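1. sequence? don't have it. structure:
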């Protein structure tokens with residue numbers, strides 16, 4: 001069966017619309033899910049010093065503010081990271097020293113200022129998702145750029161905390177501060 005020129009044009013139009021950036025964006029996961037997935041996968045590329053304040057039988061990922069990213073992190077509780085289960089915990093600032101990683105939401109800006117000086121050498125990976133957080137002590141900062149999630153790393157701060165980040169993750173970063 002032969003198709004008319006008009007039918008062919010309609011089929012091409014439908015195919016073009018299906019592959020348009022708008023259609024692609026609608027199929028993409030929501031921003032909090034993407035940020036949470038990137039954050040958890042980053043933990044695979046970090047080595048922590050032996051700290052007595054951090055549990056050794058699990059990877060403790062903590063957060064202060066129960067915002068959208070933290071809610072998704074809660075769903076990832078139990079995922080295996082480097083052979084150990086991920087434990088996602090909602091903590092207050094005083095309990096953050098017992099965490100391997102601490103996620104700081106945009107609502108945690110004041111807590112960030114108070115916490116970084118006291119925990120900067122305690123082996124806690126500070127992770128944020130707000131512009132300017134990298135300059136305020138966060139070691140891994142997620143941002144949206146041109147509709148994509150990108151991340152920057154403050155390698156100097158991570159090293160001061162005794163953390164070792166894999167060269168694999170450093171190559172994927174948009175920017176690495178040394």
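-> That came through, no problem. Here the structure is a predicted model, which is why all the values come from computation and not from measurement.
2. isn't residue 131 up against residue 145?
-> No: using CB atoms under 8 Å, residue 131 makes no contact with residue 145, being 10.3 Å away. C-beta: built from backbone N, CA, C; applies to glycine.
3. can you map out the helices along the protein?
-> Here the chain has its helices, by DSSP state H, at 5-18, 21-27, 31-42, 68-75, 109-119, 155-160, 167-172.
4. who touches the spatially most central residue of the chain in this structure?
-> In the chain, the centroid-proximal residue (CA atoms, centre = their mean) is residue 39; its distance is 2.6 Å. Applying CB atoms under 8 Å, 6 or more residues apart in numbering, we find residue 39 in contact with 61, 69, 73, 101, 103, 127, 140, 142.
5. most neighbours of all these, which one?
-> Neighbours here are counted as other CB atoms under 10 Å. On that basis the top member of those is residue 140, with 30 neighbours.
6. the nearest residue to that one once chain neighbours are set aside bridge partners, please.
-> Nearest residue to residue 140, sequence neighbours excluded (CB to CB, 6 or more residues apart in numbering): residue 127, at 4.7 Å. Counting by DSSP bridges, residue 127 is bridged to residue 103, residue 140.
7. quick one, what contacts residue 127?
-> Taking CB under 8 Å, 6+ apart, we find residue 127 in contact with 39, 42, 101, 102, 103, 104, 138, 139, 140, 141, 142.
8. of the residues you listed, closest to residue 171?
-> residue 42 (13.1 Å; CB to CB).
9. how near is the closest residue to residue 172 other than its chain neighbours to residue 171?
-> In space, and not counting its chain neighbours, residue 172 is closest to residue 151: 7.7 Å by CB to CB, 6+ apart. Per CB to CB, to the nearest Å, residue 151 is found 12 Å from residue 171.
10. low-confidence bits of this structure, can you list those?
-> 1-27, 51-53, 55, 116-121 (pLDDT under 70).
11. 50 instead?
-> Low-confidence segments of the chain (pLDDT under 50): 1, 3, 5-26.
12. re the thing from before, between residue 151 and residue 171, who's got more neighbours?
-> Taking neighbours as other CB under 10 Å, residue 151 and residue 171 compare with residue 151 leading, 23 against 8.
13. distance check, the more buried one against residue 158.
-> For residue 151 relative to residue 158 (CB to CB), the value is 13 Å.
14. what touches both of these two?
-> With CB under 8 Å, 6+ apart as the test, residue 151 and residue 158 both reach residue 140.
15. run a quick neighbour tally on residue 59.
-> 25.
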